[in-house]
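Engineer: Need the 3D shape of this:
(2 chains)
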Amino acid sequence: MKYSQYFIPTLREIPAEAEIASHKLMLRAGMIRKSSAGIYSFLPLAHRVLKKIIKIVEEEMDRAGGVQVLLPMVQPAEIWQQTGRWDVYGEEMFRLKDRHQRDFCLGPTHEEMITSLVKNEVRSYRELPLRLYQIQNKYRDEIRPRFGVMRAREFIMKDLYSFDRDNDGLNRSYQAMFEAYNQIFTRCGLEFRAVEADSGAIGGDVSHEFMVLADSGEAVILYCEECSYAANNEKATAALPSSMEEPLLPIEKVHTPGQATVPEVTTYLSVPPSQLIKTLFYQTDDEILAVLVRGDDEINDIKLGNLLNKPYRLAPPEEIASKLDLPVGYVGPLGLQEKRVKVLADLRIKAMANSICGANLKDYHLRNVNLERDFRVDSFADLRLAKAGDQCPHCQHPLLETRGVEVGHIFKLGTKYSSSLRATFRDEQGEEKPLIMGCYGIGISRIVAAAIEQNNDQDGIKWPAPIAPFQVLILPISKEQLPQAEEIYKGLIAAGVEVLLDDRDERAGVKFKDADLIGIPVRLTVGPKGLAKEEVEVKLRMTGEDLRWSLSEVTSQVLAYLKAHSPGGVLNEIMPTNQSQDGVILEKK
RNA sequence: CGGGGCGUGGCUCAGCUUGGUAGAGCGUUCGGUUCGGGACCGAAAGGUCGCAAGUUCAAAUCUUGUCGCCCCGACCA
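Structural biologist: I've put the predicted structure just below:
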């Protein structure tokens, strides 16, 4: 492709609307332009990257037994009403009416659509397993779209839905997808991790997320270097510390004037935060309940939400004061049952001895408080937010923390949708059973942003070779070198390499700046200095390495570079993989 | 939806407090000089100041409404 005939409207200045690196760079590199909030046009450079990713995804889905379909984006309300999600989805669903006033939505996801399709077509266990997938636009009217295509209202997603006859089948489908996902992100040239995840609103018990590691990622990942454990911090657990074997001391009231927060109390009394019991009050529709965690722990809202299974929020201090007559900052678990407050506690509370907590009296705390002797708990659960330094739940080694962008999420759904939509099959006994489903999503357009988020510097994007819009950029210093540049261009094209030739009548500096910005992995500078020695000057964008290749070897050198930087296969040539079976691996570049 | 902020040439922004001829830099076009990391000189084009109503002799500027966008919170691929 010749630059002068192409369409890459780069921006010299940073658009004011962009916050994070990938958003700024996609705008500056002429990849996207906003149409309205969270809705973007993808320009040629971005479109090429999308196609690269889609190709990898399709190959791996097909290889894992997937069969591609294209489903309606405009979906009728009835199927959503049958699963109850017409109401559950709420404002996040783009809704529309046709001329007959019938309700439709723009598909935010396709469980309903695919299940209602399959239910009419699949009748026998002989037709299973079935793994159908689609890659298309999805629509979610996000409350707050942000970060460019990272969280958009219109976005491209791949979804595969598996239909099996039993749990063993589901497990095989899940495992096949797990492996395919590892393969996909490896082949994209991204550093990523598969982590255990909360299954959220979609339901199901087992779930993994695939995270592209990036400091700017919204998700926090806890992982163990010793074993394979890795989890989203929404889900992560840690091994429990051993119980304190201490003689129980008599309870003691201490005056702590104006010391309401954990740091204040621990400083004032010279004790570690781990010795405090923090008491927080939450409100649901019908009750107020207390949640106890250790002073150095935070409550994990996801875990609490899963346990309560109903809407809840932190009770405002005025509520606590008026309804329970308790002074916020000095509350403790003693005597709460008498106030008809249900008490939940994190598991770590069990192991504490001679703790400190509020005295339920302004400006007073209690020392040497002990479970059972002094207060009771209605139920224990893992309610704390795990953090770096906690012990791995499998092997007790300290957990490490990193951040990531969620680009894939796989779920075991079970029969949630097949039951409500009555998608059944007959087994060998002729018995009618609901299909066992799984669903497996990849945010295709989000991968583009995540890849940039992971690979950029001050000058621009550094594309991993497998998903770069072009593999090679040829940059003639001036018009004088254009003929030689075209020779190299033809040679590379003939070898099947994707090349962008910057034939614009621009100053060298401008071309260098644009080259860095759009981030094509191999830059070949054709200038008088190199040509005098029958060489091109090579700059590798990812590492910044400078090389010289002789004109006669350019093509073979490029091919060698691309092969070396195509994990898992190049040009359809798929290499064997070396991932572990339980799959939780960290890819190193 | 709650809180905060912003809408002025294609882009980044000044001007608004204190109403009176709409500005700069970048980009674009033309001419010239340059030409290996976003050149320089000269000339030019380009703006319903988001939109609507109001106050006023006069509104980018003041008031009200409205639309859009961005940031912080709950959501998620």
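Engineer: Any idea how far apart the tips of stretch A:92-107 sit?
Structural biologist: 11 Å (C-alpha to C-alpha, to the nearest Å).
Engineer: So for that stretch, what gets flagged as buried?
Structural biologist: A:93-94, A:104-107 (16 or more other C-beta atoms under 10 Å). (Glycine included, C-beta is placed from N, CA and C.)
Engineer: what's the residue closest to the geometric middle of chain A?
Structural biologist: Most central in chain A under C-alpha atoms, centre = their mean is residue A:406, positioned 0.9 Å from the mean C-alpha point.
Engineer: Keeping just the C-alphas, turn the helix or strand encompassing that residue into PDB.
Structural biologist: Using DSSP states H and E, residue A:406 falls within strand A:400-414. Provided in PDB are the C-alpha atoms of strand A:400-414 (Å, rounded to 0.1, in the frame of the first residue of the first chain):
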ATOM      1  CA  LEU A 400       1.500 -10.800  43.700                       C
ATOM      2  CA  GLU A 401      -0.600  -8.200  42.200                       C
ATOM      3  CA  THR A 402      -0.800  -6.800  38.700                       C
ATOM      4  CA  ARG A 403      -3.400  -5.000  36.500                       C
ATOM      5  CA  GLY A 404      -5.100  -6.000  33.300                       C
ATOM      6  CA  VAL A 405      -7.700  -5.200  30.700                       C
ATOM      7  CA  GLU A 406     -10.400  -7.800  30.400                       C
ATOM      8  CA  VAL A 407     -10.500  -9.000  26.800                       C
ATOM      9  CA  GLY A 408     -12.200 -12.400  27.200                       C
ATOM     10  CA  HIS A 409     -14.600 -14.000  29.600                       C
ATOM     11  CA  ILE A 410     -15.700 -17.600  29.500                       C
ATOM     12  CA  PHE A 411     -18.700 -19.000  31.500                       C
ATOM     13  CA  LYS A 412     -20.400 -22.200  32.200                       C
ATOM     14  CA  LEU A 413     -24.000 -21.300  32.000                       C
ATOM     15  CA  GLY A 414     -25.700 -24.600  32.600                       C
END
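Engineer: Show me what the mean pLDDT comes to for it.
Structural biologist: Averaging pLDDT along strand A:400-414 gives 93.
Engineer: Report the strands that pair with it, each with its relative direction.
Structural biologist: strand A:207-213 (antiparallel), strand A:219-223 (antiparallel), strand A:436-443 (antiparallel) (DSSP bridges).
Engineer: quick one: is it near RNA strand B?
Structural biologist: Yes. Judged by C-beta under 7 Å from any atom of the strand, strand A:400-414 and RNA strand B are in contact via A:406-409.
Engineer: Which helix or strand lies directly C-terminal to that strand?
Structural biologist: Using DSSP H and E, the helix or strand that follows strand A:400-414 in sequence is helix A:416-420.
Engineer: any idea of the mean pLDDT for stretch A:147-161?
Structural biologist: The average pLDDT within stretch A:147-161 is 94.
Engineer: Centre of the chain to that stretch, how far?
Structural biologist: Mean C-alpha position of stretch A:147-161 versus that of the full chain (C-alpha atoms, centre = their mean, to the nearest Å) differs by 11 Å.
Engineer: pretty sure the residue nearest to the centre of chain A contacts residue A:208?
Structural biologist: No. In this structure, residue A:406 is not within contact of residue A:208 by C-beta atoms under 8 Å, at 10.6 Å.
Engineer: How about residue A:547, nearest residue that isn't a chain neighbour?
Structural biologist: residue A:538 (3.9 Å; C-beta to C-beta, 6 or more residues apart in numbering).
Engineer: That neighbour bridge partners, please.
Structural biologist: Counting by DSSP bridges, residue A:538 forms beta bridges with residue A:524, residue A:547.
Engineer: show me the contacts for it.
Structural biologist: A:522-525, A:545-549, A:557 (C-beta atoms under 8 Å, 6 or more residues apart in numbering).
Engineer: could you flag which of those residues are buried?
Structural biologist: In the contacts of residue A:538, burial by neighbour count holds for A:522-525, A:549, A:557, counting by 16+ other C-beta under 10 Å.
Engineer: if we can go back for a sec, any chance of the contacts of residue A:538 in JSON lines with distance to RNA strand B and pLDDT as columns?
Structural biologist: Formatted as JSON lines, the contacts of residue A:538 follow (distance: C-beta to the nearest atom of the strand, whole Å; pLDDT from 0 to 100):
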{"residue": "A:522", "distance to RNA strand B": "13", "pLDDT": "98"}
{"residue": "A:523", "distance to RNA strand B": "7", "pLDDT": "98"}
{"residue": "A:524", "distance to RNA strand B": "10", "pLDDT": "98"}
{"residue": "A:525", "distance to RNA strand B": "4", "pLDDT": "98"}
{"residue": "A:545", "distance to RNA strand B": "12", "pLDDT": "97"}
{"residue": "A:546", "distance to RNA strand B": "9", "pLDDT": "97"}
{"residue": "A:547", "distance to RNA strand B": "12", "pLDDT": "97"}
{"residue": "A:548", "distance to RNA strand B": "10", "pLDDT": "97"}
{"residue": "A:549", "distance to RNA strand B": "13", "pLDDT": "98"}
{"residue": "A:557", "distance to RNA strand B": "17", "pLDDT": "98"}
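Engineer: Pick the one among these closest to residue A:485.
Structural biologist: Comparing these against residue A:485 with C-beta to C-beta picks out residue A:524 as the nearest, at 8.1 Å.
Engineer: Isn't the closest one up against residue A:474?
Structural biologist: Yes. Between residue A:524 and residue A:474 there is a contact at 4.9 Å, judged by C-beta under 8 Å.
Engineer: Now list whatever residues contact both of those two.
Structural biologist: Here residue A:524 and residue A:474 have residue A:488 as joint contacts, going by C-beta under 8 Å, 6+ apart.
Engineer: what ranges of chain A fall below the confidence cut-off?
Structural biologist: Counting by pLDDT under 70, the ranges of chain A that qualify are A:199-205, A:569-589.
Engineer: of all of it, which residue lies closest to RNA strand B?
Structural biologist: residue A:527 (2.1 Å; C-beta to the nearest atom of the strand).
Engineer: And that residue, how far from residue A:350?
Structural biologist: Distance of residue A:527 to residue A:350, given as C-beta to C-beta, to the nearest Å: 72 Å.
Engineer: beta partners of residue A:130?
Structural biologist: Bridge pairing for residue A:130 - DSSP bridges - gives residue A:163.
Engineer: Give me the neighbour count for it.
Structural biologist: Residue A:130 has 19 neighbouring residues, counting by other C-beta atoms under 10 Å.
Engineer: you'd agree it is up against residue A:160?
Structural biologist: No. Between residue A:130 and residue A:160 there is no contact under C-beta under 8 Å: 10.5 Å.
Engineer: For the stretch 451-589 of chain A, which segments are assigned as strands?
Structural biologist: A:456-457, A:460-461, A:472-476, A:499-501, A:522-526, A:535-540, A:546-550, A:569-570, A:573-574 (DSSP state E, counting those that start in this stretch).
Engineer: Please dump these into TSV; it should also carry distance to residue A:449 for every row.
Structural biologist: Shown next, in TSV, are the strands of the stretch 451-589 of chain A (distance: least, C-beta to C-beta, whole Å):
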stretch	distance to residue A:449
strand A:456-457	11
strand A:460-461	11
strand A:472-476	22
strand A:499-501	21
strand A:522-526	23
strand A:535-540	23
strand A:546-550	29
strand A:569-570	24
strand A:573-574	26
